[in-house]
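# Fold the following and give me the result.
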Amino acid sequence: MTKDKETNVSSTKRSLALSFYTFLSRILGLVRDHFMAVSFGTGMVASAFSVAYRLPNMFRNLLAEGTLSQSFMPIFSEYEAMGKEEARVMAGTVLSFLFLCLSVFVGLFSLLAPRFLPALVGGSPEYGGLVVEISLVLFFLIMTASLSAIFMSISNSHHKYFVPSLSPIILNFSYLFVFIFAFPYLNDLRNKVFILAYGIVAGGVLQLFVQGWYVYKLGYGPIFRFNYKHPAIRKIFKLMLPAALGGSFYQIGLLVDIFLANYIQNANPGLGAVVSLDYSQRLVQLPTGIIGVALATTILPSLLKDLRGGNIHKVPGEILDVLSFAFFLTVPASIGLSLLGETVLDAIYFGGRWDHIATQTALIPLVFYSIAIPFYSANKVLVSSYYAFQDTRTPLRVQFFSFISSVGLSLSLMLFFKHGAIALSSALSAGLTAILLILFLKKHSVSLPWKELFFRIRNMFLPLIGLAIWLLVTEVYSKPILMDWGSSVLGLGHAMLSRISLVISILPAVIIYFGISALIKIPESEIILGKFLRKLKKK
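Residues are numbered from 1 along each chain as shown. Down below sits the predicted model:
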């Protein structure tokens, strides 16, 4: 393997470790969502929590997983080249200024939320009031998540991914702690939801403490100085503003989706549209978070290194390898969730307040969202690539156009598909975003080798067909037999039988997919299997 090729696969190899850590977090997230579903179902309290959590989560995703961290990293890299002390002072100055801005922001929200939120969510006064009360507790997460993002960026810039990957794990454990140790002693749903909200905020504080401690342990602890005239602040916020606007279109799009779902739910009592969309999105975020976020996080330092070294000719190959790797892992996930959607929903959520009606309500948006999984992941990688060129304006324009398209499609289709129209519109706009982002890379003298990308995707067809055939056979033929026999003979419940059916479907499908991929020597399978086999040999 040539030196260039070794450099090109470095991001995908590093992303495997990060993907594993993210995978643990997402599995905990599924356990968390199971407890949420059986504890609250799809009723008023569950809907109020979903809406209230969406507001801080929108800013958390925008800042912690997106523009703030990715805008900070190139500037931090510049200052680190001047000297370690300069980088530490710069980081401390940014953190001080950010803390002040966030404090003002949280204070303004606390004053204004009781006035504008009830009008936005609609429904009864009791429902609107509950959304406001929960929001006022959860909004503090913006503070902890945003400050944590700076510490995580410092760690990631030195290719330290393990401790940053613990952040969502810590937050999920805060959920589980409340579910396991507090909920058994509570009966009232309102009491439960507020105890949960305070537990989540406590988890956010712990996140911040852990990330800060690790950065200081690395020797890059920020030196705090409040100097709003520091040139780094202007640079970061100049880079961040269009990036934040661009990223906000996606996040605001999710928020608009929830408010449209609220409208549909109010017009169709008992539909449970808000929670159904929320849980469907979370399932889709499992592969997107494991693969897309991991690849986007690891490609940025690699591209920055190439550009600093004057090796722009390596950039197209680096992006091509990462995109190909993303498609190799996300297309099977897209097929799997589309074909096994009902079984997946029942396996994770069924029980308590979640019934068959809730599953059927969530199934249609899940299928639509699943179609776009490869595009969601590719978009994270592509936007991160633009940040390496310190170009945040192009993604801004693309995401604005996609946002307008998504809202327009939702409004025009919701009469026919109800809440399913929201998921379908999101999927279509994600595909449009990916196409435009790839095309506009030419302005940075980056032209992807389309023939090679097409060749790599074409090579995936055979293993994908094998995987799809197995999933269809198990879902259509073996699942009904298992359900009847397991219920009548073994006396097992519907949720447990769904989990068994899911294992029977997924494990052989994974073996089939990777087996065929290895036989026809797809490079992405060799990277994954090679790493796995080397670990086995060490044991």
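# since we're on the closest residue to Leu462 other than its chain neighbours, how many residues are nearby?
Leaving out its chain neighbours, the residue that sits closest to Leu462 by CB to CB, 6 or more residues apart in numbering is Ile516, at 5.8 Å. In this view, the C-beta of every residue, glycine as well, is placed from N, C-alpha and C. Neighbour count for Ile516, taken as other CB atoms under 10 Å: 18.
# what sits against Ala372?
Going by CB atoms under 8 Å, 6 or more residues apart in numbering, Ala372 touches Val284, Ser334, Ser426, Ala427, Leu428, Ala430, Gly431.
# next SSE after whatever helix or strand the fourth one lives in?
Assigned by DSSP states H and E, Ala427 falls within helix 420-439. The first helix or strand that comes after helix 420-439 along the chain, using DSSP H and E, is helix 450-459.
# now could you export just the CA positions of that next one as CSV?
What follows is helix 450-459, C-alpha atoms only, in CSV (Å, rounded to 0.1, in the frame of the first residue of the first chain):
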residue,chain,number,x,y,z
TRP,A,450,-17.0,9.6,-9.9
LYS,A,451,-16.1,6.5,-11.8
GLU,A,452,-14.3,5.0,-8.8
LEU,A,453,-17.2,6.0,-6.5
PHE,A,454,-19.7,4.4,-8.9
PHE,A,455,-17.5,1.3,-9.2
ARG,A,456,-17.3,0.9,-5.4
ILE,A,457,-21.1,1.3,-4.9
ARG,A,458,-21.7,-1.2,-7.8
ASN,A,459,-19.6,-3.7,-6.0
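# Please identify the buried residues of the helix or strand that comes right after it?
With elements assigned by DSSP H and E, the helix or strand that comes after helix 450-459 is helix 461-473. Residues Pro463, Leu464, Gly466, Leu467, Ala468, Trp470, Leu471 are the ones in helix 461-473 that count as buried (16 or more other CB atoms under 10 Å).
# same deal with stretch 91-102?
Buried, per 16+ other CB under 10 Å, within stretch 91-102: Ala91, Gly92, Thr93, Val94, Leu95, Ser96, Phe97, Leu98, Leu102.
# how near is the residue nearest to Gly431 when sequence neighbours are not counted to Ala427?
Distance criterion CB to CB, 6+ apart; nearest residue to Gly431, sequence neighbours excluded, is Phe375 at 4.8 Å. Applying CB to CB, to the nearest Å, the value for Phe375 to Ala427 is 8 Å.
# Which of those two has more residues huddled nearby?
Legend: neighbour count by other CB under 10 Å for Phe375 and Ala427, higher for Phe375 (27 against 24).
# Next SSE downstream of whichever strand or helix holds that one?
Taking DSSP H and E as the definition, Phe375 sits inside helix 373-388. Later in the chain than helix 373-388, the nearest helix or strand by DSSP H and E is helix 393-417.
# Only the buried residues of that next one, if you could.
Buried, per 16+ other CB under 10 Å, within helix 393-417: 394-396, 398-399, 402-403, 405-407, 409-410, 413-414, 417.
# That one - what's its average pLDDT?
For helix 393-417, mean pLDDT is 85.
# Throw the buried residues of stretch 91-102 into a markdown table and include secondary structure, thanks.
Shown next, in a markdown table, are these (DSSP: H, G, I helix; E, B strand; the rest coil):
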| residue | secondary structure |
| --- | --- |
| Ala91 | helix |
| Gly92 | helix |
| Thr93 | helix |
| Val94 | helix |
| Leu95 | helix |
| Ser96 | helix |
| Phe97 | helix |
| Leu98 | helix |
| Leu102 | helix |
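# Go through those residues and name the one nearest Leu441.
Nearest to Leu441 among the buried residues of stretch 91-102 is Val94, at 28.7 Å by CB to CB.
# Count residues in the vicinity of Ile357, would you?
The burial count for Ile357: 12, using other CB under 10 Å.
# and the helix holding Ala427, what other elements does it pack with?
On a contact count with 3 or more CB pairs under 8 Å, 6 or more residues apart in numbering; DSSP states H and E, helix 420-439 meets helix 231-267, helix 273-287, helix 356-371, helix 373-388, helix 393-417.
# With distance to Met483 as new columns, can those helices be given to me in JSON lines?
Formatted as JSON lines, the helices and strands packed on helix 420-439 follow (distance: least, CB to CB, whole Å):
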{"stretch": "helix 231-267", "distance to Met483": "30"}
{"stretch": "helix 273-287", "distance to Met483": "21"}
{"stretch": "helix 356-371", "distance to Met483": "12"}
{"stretch": "helix 373-388", "distance to Met483": "27"}
{"stretch": "helix 393-417", "distance to Met483": "28"}
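# Any idea which of these gets closest to His494?
Taking CB to CB, helix 356-371 is the member of these nearest to His494, at 8.2 Å.
# So for the closest one, what gets flagged as buried?
Buried residues in helix 356-371, counted by 16+ other CB under 10 Å: 358-359, 361-371.
# next one: stretch 493-512
494-502, 504-506, 509, 512.
# Those into CSV, with extra columns for pLDDT and distance to Tyr263?
Formatted as CSV, these follow (pLDDT from 0 to 100; distance: CB to CB, whole Å):
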residue, pLDDT, distance to Tyr263
His494, 90, 32
Ala495, 90, 31
Met496, 93, 37
Leu497, 94, 36
Ser498, 93, 32
Arg499, 93, 35
Ile500, 94, 39
Ser501, 94, 36
Leu502, 93, 34
Ile504, 94, 40
Ser505, 95, 36
Ile506, 93, 36
Ala509, 95, 38
Ile512, 95, 43
